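>>> missing the sequence, but the structure's below:
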């Protein structure tokens, strides 16, 4: 087992920082103006139903992370969980898929930031910026996240906490105003499949972007080596984050639908930022700018949370000398942050943003990468669900409900949106992400086979280093 790796700083962050690592990646304000808009483009008036189903699936899925976190604390997150539950090879394969998931997640959000800045300036000042003007804003966001993540986990999470609380309150007030103004138009129709013009197909695709909004709760897992009392802190933070933010999403989704008009939602996603348009018309320009500032900051906090999670998995894989170079396990001499992984991921993100953004445009590129990210994270979660059962059987503490039934239900619910991304075949370019995922999976199998042939010891030891083994090394 490799021993020459840098160390992350233990006991750096407490419950509230871990909670907002999950909350920030779920991006309450960001998702209200991006993920819910994308969901509405498929399910129209039934968008709240798609979000509600995504919440139910996420609650069952969060159980898997909670149960693993009670026993294992590791920067590897799902990679380590699956390795200890289903074996090192499966764990490495999961880590490979996780690299795709978070690797395109940050670029998706950076693309949206560029689109957001361009749209806000056009709407707020009635400007007509050139079509390429999203790009410099996107690069500024990428460089900001690079800088703040090198400074260590605590400053970036403190930033996320402060702005996240304000953002949450402001959007709840906006939702209450929209529901009040809807008056007699409030009903349960948005929770009926009949409100979707394409029935369950549209709802299934709306679930994809609902799960895209929820996916951030797993961002707490890679903080296992830096959190105080990680085995209880992460479990509590994940459950509260999913439940509170999930109910908030359903609430904002419903408020947006009745505020716009249940049977007019076909036009909702045709505008750049429909929820902000409603805020401007309903509450005036002051609220428009207040929400604009909060969404801008919330998007930066979300990108930072995604980046923090991804670079720690790169760090863990580098520490185990799997898939990525061993130098990814180096930590900064002062801040103890995984600075080599941060540099690598930042360059990759800026490259993907530039290529996809100029190919499809900033918002269409965001949706494209969002679909690819969601599909890959669903595969990671399914593998974790299966591994949870095996892990608790292996340690002799298996309980049918939380270690068997709940992960089984989560897997079935995750398969639903996967099915609807394949059947019926979506139009171009939304039909491409499943094939990119398949290509990534094939590349992972070949890579795993090559590593096993040349370095079988590395595969056998994959995912074995955790916070507990680090403490044992210190004691020795």
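Ah, there it is. These numbers were taken from a predicted model, which means no experiment stands behind them.
>>> Check whether the residue nearest to residue 404 when sequence neighbours are not counted sits in a helix, strand or coil.
Sequence neighbours aside, residue 389 is the residue nearest to residue 404 in space, at 5.6 Å (criterion: Cβ to Cβ, 6 or more residues apart in numbering). Where C-beta positions appear, they are placed from N, C-alpha and C, glycine not excepted. With DSSP: H, G, I helix; E, B strand; the rest coil as the basis, residue 389 sits in helix.
>>> wait, what's in contact with residue 205?
Taking Cβ atoms under 8 Å, 6 or more residues apart in numbering as the definition of contact, the neighbours of residue 205 are 39, 42, 43, 50, 417, 420, 421, 426.
>>> so the residue nearest to residue 404 makes contact with residue 403?
Yes - using Cβ atoms under 8 Å as the test, residue 389 is close enough to residue 403 to be in contact (5.6 Å).
>>> low-confidence ranges in the stretch 1-150 of the chain?
Residues of the stretch 1-150 of the chain that meet the criterion pLDDT under 70 lie in 1-11, 21, 25, 75-76.
>>> Helices of that one, start to end?
Applying DSSP state H, counting those that start in this stretch to the stretch 1-150 of the chain gives helices spanning 15-26, 28-33, 35-43, 47-69, 78-86, 88-125, 134-150.
>>> Kindly present those helices as CSV, with separate columns for mean neighbour count and distance to residue 247.
Output for the helices of the stretch 1-150 of the chain, formatted as CSV (neighbours: other Cβ atoms under 10 Å; distance: least, Cβ to Cβ, whole Å):
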stretch, mean neighbour count, distance to residue 247
helix 15-26, 26, 12
helix 28-33, 28, 11
helix 35-43, 27, 14
helix 47-69, 26, 7
helix 78-86, 28, 25
helix 88-125, 25, 23
helix 134-150, 20, 28
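>>> what would the ones you listed look like in a markdown table with distance to residue 454?
Converted to a markdown table, the helices of the stretch 1-150 of the chain look like this (distance: least, Cβ to Cβ, whole Å):
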| stretch | distance to residue 454 |
| --- | --- |
| helix 15-26 | 35 |
| helix 28-33 | 42 |
| helix 35-43 | 42 |
| helix 47-69 | 30 |
| helix 78-86 | 19 |
| helix 88-125 | 14 |
| helix 134-150 | 32 |
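>>> Nearest to residue 202 among those helices would be which one?
Proximity to residue 202, assessed across the helices of the stretch 1-150 of the chain by Cβ to Cβ, is greatest for helix 35-43 (4.4 Å).
>>> tell me what the closest one is packed against?
The criterion is 3 or more Cβ pairs under 8 Å, 6 or more residues apart in numbering; DSSP states H and E, and the helices and strands that helix 35-43 contacts are helix 47-69, helix 200-214, helix 230-260, helix 274-283, helix 362-394.
>>> Would you check how far apart the residue nearest to residue 404 and residue 96 are?
Counting by Cβ to Cβ, to the nearest Å, the gap from residue 389 to residue 96 is 22 Å.
>>> go on, residue 294?
From residue 294 over to residue 96 (counting by Cβ to Cβ), the distance is 36 Å.
>>> Please apply the same query to residue 319.
Using Cβ to Cβ, we find residue 319 at a distance of 16 Å from residue 96.
>>> If we ignore the residues flanking it in sequence, what's nearest residue 163?
On the basis of Cβ to Cβ, 6+ apart, the spatially nearest residue to residue 163 that is not a chain neighbour turns out to be residue 297, at 4.5 Å.
>>> how about that neighbour, secondary structure?
When the structure is reduced to helix, strand and coil (three-state DSSP), residue 297 reads as helix.
>>> From residue 27, how far out is it?
In this structure, residue 297 and residue 27 are 11 Å apart, going by Cβ to Cβ.
>>> Name the residue in these two with the higher neighbour count.
A count of neighbours by other Cβ atoms under 10 Å puts residue 27 above the other of residue 297 and residue 27, at 29 against 19.
>>> Phi, psi for that one please.
Main-chain torsions, residue 27, degrees, to the nearest 10: phi 60, psi 70.
>>> Hmm, it is touching residue 304, no?
No - with contact defined as Cβ under 8 Å, residue 27 does not count as touching residue 304 (10.6 Å).
>>> Around residue 267, how many other residues sit close by?
The local packing of residue 267 (other Cβ under 10 Å) involves 12 other residues.
>>> Not counting sequence-adjacent ones, nearest residue to residue 385?
Nearest in space to residue 385, with sequence neighbours left out and distances taken as Cβ to Cβ, 6+ apart, is residue 407 at 3.6 Å.
>>> now do residue 315
Residue nearest to residue 315 in three dimensions, not counting chain neighbours: residue 338, with 3.9 Å by Cβ to Cβ, 6+ apart.
>>> related to what we said a few turns ago, next, count neighbours for the residue nearest to residue 404.
Counted by other Cβ under 10 Å, the residues lying close to residue 389 total 20.
>>> now the closest residue to residue 382 other than its chain neighbours: how far from residue 404?
With Cβ to Cβ, 6+ apart as the measure, residue 411 is the residue that lies nearest to residue 382, at 5.1 Å, once sequence neighbours are left out. Using Cβ to Cβ, one gets 11 Å for the distance from residue 411 to residue 404.
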